[in-house]
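Novice: structure of the sequence below:
(chains A and B)
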There are 2 protein chains.
Amino acid sequence: MDETALIGVDWGTTNARAFRYDAQGTVVETRHRGCGLLQIVDGDWETTFLKNFGDWTNGAPDLPVLLCGMVGSQQGWSEAPYVECPLDISTLAENLHPITGTDYCIVPGVRTIDGCGVPDVMRGEETQLAGLDPQGLQLVCLPGTHSKWVQIAGESVTGFQTYMTGELFKLLSEHSILARTQTKGPSSHEAFLLGVDHSKRDGGLLHQLFGVRGLRLFDQLTGDAQGDYLSGLLIGHEIRSALDATSAAGMVTVVGAKELTSRYVTAMEYMGRSIIVTDGEQAASRGLWRIAQQAGMIA
Amino acid sequence: MDETALIGVDWGTTNARAFRYDAQGTVVETRHRGCGLLQIVDGDWETTFLKNFGDWTNGAPDLPVLLCGMVGSQQGWSEAPYVECPLDISTLAENLHPITGTDYCIVPGVRTIDGCGVPDVMRGEETQLAGLDPQGLQLVCLPGTHSKWVQIAGESVTGFQTYMTGELFKLLSEHSILARTQTKGPSSHEAFLLGVDHSKRDGGLLHQLFGVRGLRLFDQLTGDAQGDYLSGLLIGHEIRSALDATSAAGMVTVVGAKELTSRYVTAMEYMGRSIIVTDGEQAASRGLWRIAQQAGMIA
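Specialist: Residues are numbered from 1 along each chain as shown, chains lettered A, B, ... in the order given. As a prediction, this is how the structure comes out:
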């Protein structure tokens, strides 16, 4: 086994992605495990950690370990208080949360409060942001169950907003009146783009959603294409709302796994917007390394 | 038993509301039954009709019977083709759909197609519209699982839009991340109004929905108040979208049962809009009578 300089884990609601780094910060081993927050039995995070990644620390109990994501939430291993937005990305390293009884640390989540006094939060995405090349960064989109849109100025996060896009797609596909006529077949690019286009229709989202039913009722959409249309409608809404809410006119950086980012790229290209795509896992692994370095955790 | 001149049934997805009229058009008996489309076994509508309302026709098998609602849908007793919008309300009576093998008729549903080619439909609401006083009618709101907003000019329905508001409230309250922290307690007027107010926030509905989570996470909303806030947010969205999409500046007529219309009235008053409220069941019973008269079904 190569010499290990750091173990980093992006530990979310459903999954954990763990990275073992050498002294140069190169990831020499990656593990994906389905042991997310929802799967932890009796809150026993330590046992879960040791079972899945313990062999990496064998013989080197003082090896630095840095965690990020829902592991630091109220229901996590140990609650890491939020740092407030706006913030310099570098301040994450100054606010690491040590887990009592271990030498491990958790990257804090970030909280923002909008003009109406409504809070918004992220846990895990701040570490991905720390892993991005800050050069020219303005507006970052992190698609997912709860997508994040982040405004960046220089080295600072100036604001962010969460969108329930992925969760709403799942809800509507599984439990609504639309679920009855939605079938799973080959995906339709045309139906997706039609949905993106129709997200500009009058009447807002609540009305446009019923349009899925209308199109299906008169066979203007097949059962197989219905899900793609719905996906286009919801993603189109998210992008339009997010772009409307910001004055950032430059490039949008989309961070995530390919199956998801590709839909966002297609939709934004359709709207005539320029995009850069970055792999989400790479951003997380780089972010964990950089934060550990800034915090002086690495010899 | 008083002499019966007409039996009318507003027969929907979950319920049937039946009216027995005398020769003057007065409703002398009303029955509510839980035998909606979803409860009909093996498509046997006739047996269901006879079991629930058959005693009204005993001794007078030629009594006119007029039905409206989902009973005329593809999954209904017999499919009544849609009439196209715009239409004069009086044309409903010219397009009644006779059920083969019976003397019964079904009021047709109405279909509209918007500028993007997306169809929208109603079944049952057209009959409630026929039961309203046409004097000064401009914009009609019929709240529900799938709320309808209808534009009226003189005696014509010029357009309408469906909103999935009620269904989305149920989905989010039962199956989403919000369901985990929503409890059922005394309802909060303040939380409802806060939701209505926050429906104007930047970022659109997909973002605002996550705000429910944000407010709850920092105890700015109790578990009991969460459902009222969510209800205010969704109803606020529906109303704002519907009012934005129309140039009708006058009175809004809200048609429905009191528990539901009262929320719409509160929200619209909060937005400074004038409203008239009409009972939905009365509108349905009057509509069935008027259409039967216009169609010459009553001696």
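Novice: from here on, contacts and neighbour counts on C-alpha atoms
Specialist: Noted.
Novice: and chain A, which residues reach chain B?
Specialist: By CA under 8 Å from any CA of the partner chain, the residues of chain A that approach chain B are A:116, A:118-121, A:161-165, A:167, A:171-172, A:175-176, A:198, A:201-211, A:214-215, A:218, A:237-238, A:241-242, A:244-245.
Novice: show me where the stretch 51-200 of chain A has its helices.
Specialist: Using DSSP state H, counting those that start in this stretch, the helices found in the stretch 51-200 of chain A span residues A:91-94, A:125-130, A:165-175, A:189-198.
Novice: show me the contacts for the residue of chain A most remote from its centre.
Specialist: Distance from the C-alpha centroid of chain A peaks at A:F218, with 37.1 Å (CA atoms, centre = their mean). By CA atoms under 8 Å, 6 or more residues apart in numbering or on different chains, A:F218 lies in contact with B:P119.
Novice: looking at the helices of the stretch 51-200 of chain A, which is buried most?
Specialist: Mean neighbour count (mean count of other CA atoms under 10 Å in any protein chain shown) peaks for helix A:125-130 among the helices of the stretch 51-200 of chain A, with a mean of 24.
Novice: can you tell me what sits against it?
Specialist: A:68-69, A:89-90, A:107, A:109-110, A:142, A:148, A:280, A:283-288, A:290-291.
Novice: buried ones only from those residues, please, as a ChimeraX command.
Specialist: Per 16 or more other CA atoms under 10 Å in any protein chain shown, the buried members of these correspond to this ChimeraX selection:
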select /A:68,69,89,107,109,110,142,148,280,283,284,285,286,287,288,290,291
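Novice: and the closest residue to A:V27 other than its chain neighbours, how far from A:W45?
Specialist: Using CA to CA, 6 or more residues apart in numbering or on different chains and skipping the chain neighbours, the partner closest in space to A:V27 is A:Y21 (4.4 Å). Relative to A:W45, A:Y21 is positioned 22 Å away (CA to CA, to the nearest Å).
Novice: neighbour count: those two, which is higher?
Specialist: A:Y21 (21 against 18; other CA atoms under 10 Å in any protein chain shown).
Novice: pretty sure that one sits against A:W56.
Specialist: No - judged on CA atoms under 8 Å, A:Y21 makes no contact with A:W56 at a distance of 10.4 Å.
Novice: where do the contact lists of those two overlap?
Specialist: A:4, A:7.
Novice: any regions of the stretch 151-299 of chain A where pLDDT drops low?
Specialist: A:248 (pLDDT under 70).
Novice: what's in contact with stretch A:94-102?
Specialist: Contact with stretch A:94-102 is made by A:77-78, A:80-81, A:83, A:104-108, A:295, as judged by CA under 8 Å, 6+ apart.
Novice: check the offset of it from the chain's centre.
Specialist: Distance, stretch centre to chain centre, for stretch A:94-102: 23 Å (CA atoms, centre = their mean, to the nearest Å).
Novice: any buried residues in it, and which?
Specialist: Per 16+ other CA under 10 Å, stretch A:94-102 contains these buried residues: A:95-98.
Novice: extract the C-alpha set from that stretch and format it as CSV.
Specialist: C-alpha atoms of stretch A:94-102 as CSV (Å, rounded to 0.1, in the frame of the first residue of the first chain):
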residue,chain,number,x,y,z
GLU,A,94,-10.6,27.8,10.0
ASN,A,95,-13.9,26.4,11.2
LEU,A,96,-13.4,22.6,11.1
HIS,A,97,-15.4,20.8,13.7
PRO,A,98,-13.5,18.1,15.7
ILE,A,99,-15.4,15.0,16.6
THR,A,100,-15.1,14.4,20.3
GLY,A,101,-13.2,11.2,21.2
THR,A,102,-11.5,11.0,17.8
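Novice: quick check: mean pLDDT of it?
Specialist: Average pLDDT, stretch A:94-102: 95.
Novice: is A:G109 in contact with A:A80, as I believe?
Specialist: Yes - taking CA under 8 Å as the definition, A:G109 is a contact partner of A:A80 at 7.1 Å.
Novice: what residues are shared contacts of those two?
Specialist: A:G72.
Novice: residues in a beta bridge with the residue nearest to A:V27, which ones?
Specialist: Taking DSSP bridges as the rule, A:Y21 bridges to A:L6, A:V27.
Novice: how big is the angle separating the helix or strand encompassing A:I239 from helix A:189-198?
Specialist: Taking DSSP states H and E as the criterion, A:I239 maps to helix A:223-244. Counting by axes from the mean of the first three to the mean of the last three CA atoms, to 10 degrees, helix A:223-244 lies at 40 degrees to helix A:189-198.
Novice: export the helix or strand immediately after helix A:223-244 in the chain as CSV, just CAs?
Specialist: For helix A:223-244, the following helix or strand on the C-terminal side (DSSP H and E) is strand A:252-256. Output of strand A:252-256 as CSV, limited to C-alpha atoms (Å, rounded to 0.1, in the frame of the first residue of the first chain):
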residue,chain,number,x,y,z
VAL,A,252,-22.2,28.8,-15.6
THR,A,253,-20.0,26.1,-14.0
VAL,A,254,-22.0,22.9,-13.7
VAL,A,255,-20.7,20.4,-11.1
GLY,A,256,-21.8,16.8,-10.8
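Novice: which residues does the following helix or strand past strand A:252-256 contact?
Specialist: Using DSSP H and E, the helix or strand that follows strand A:252-256 in sequence is helix A:258-270. Helix A:258-270 is contacted from outside by A:143-144, A:193, A:196, A:232, A:235-236, A:239, A:254-255, A:274-275, A:277, A:279, using CA under 8 Å, 6+ apart.
Novice: so for helix A:258-270, what gets flagged as buried?
Specialist: By neighbour count on 16+ other CA under 10 Å, the buried set for helix A:258-270 is A:261, A:263-268.
Novice: mind checking what helix or strand follows that helix in sequence?
Specialist: strand A:275-279.
Novice: what's in contact with that following strand?
Specialist: Strand A:275-279 has contacts (CA under 8 Å, 6+ apart) with A:251-258, A:261, A:265, A:268-269.
Novice: and which of those is nearest B:L38?
Specialist: Closest approach between the contacts of strand A:275-279 and B:L38, by CA to CA: A:T261, at 39.7 Å.
Novice: ok, now how distant is the closest one from chain B?
Specialist: In this view, A:T261 and chain B are 18 Å apart by CA to the nearest CA, to the nearest Å.
Novice: quick check: that residue vs A:L142, distance?
Specialist: A:T261 is 8 Å from A:L142, by CA to CA.
Novice: one more: A:P86?
Specialist: 18 Å.
Novice: one more: A:A242?
Specialist: Taking CA to CA, one finds A:A242 at 12 Å from A:L142.
Novice: before we move on, back to that, just the ones of the buried residues of stretch A:94-102 in strands?
Specialist: Counting by DSSP state E, the buried residues of stretch A:94-102 place A:97-98 in strands.
Novice: biggest separation within the buried residues of stretch A:94-102, which pair?
Specialist: Farthest apart among those - using CA to CA - are A:N95 and A:P98, which lie 9.4 Å from each other.
Novice: what sits up against stretch A:145-152?
Specialist: Outside stretch A:145-152, the residues within contact range by CA under 8 Å, 6+ apart are A:122, A:125, A:137-142, A:157-167, A:242, A:248.
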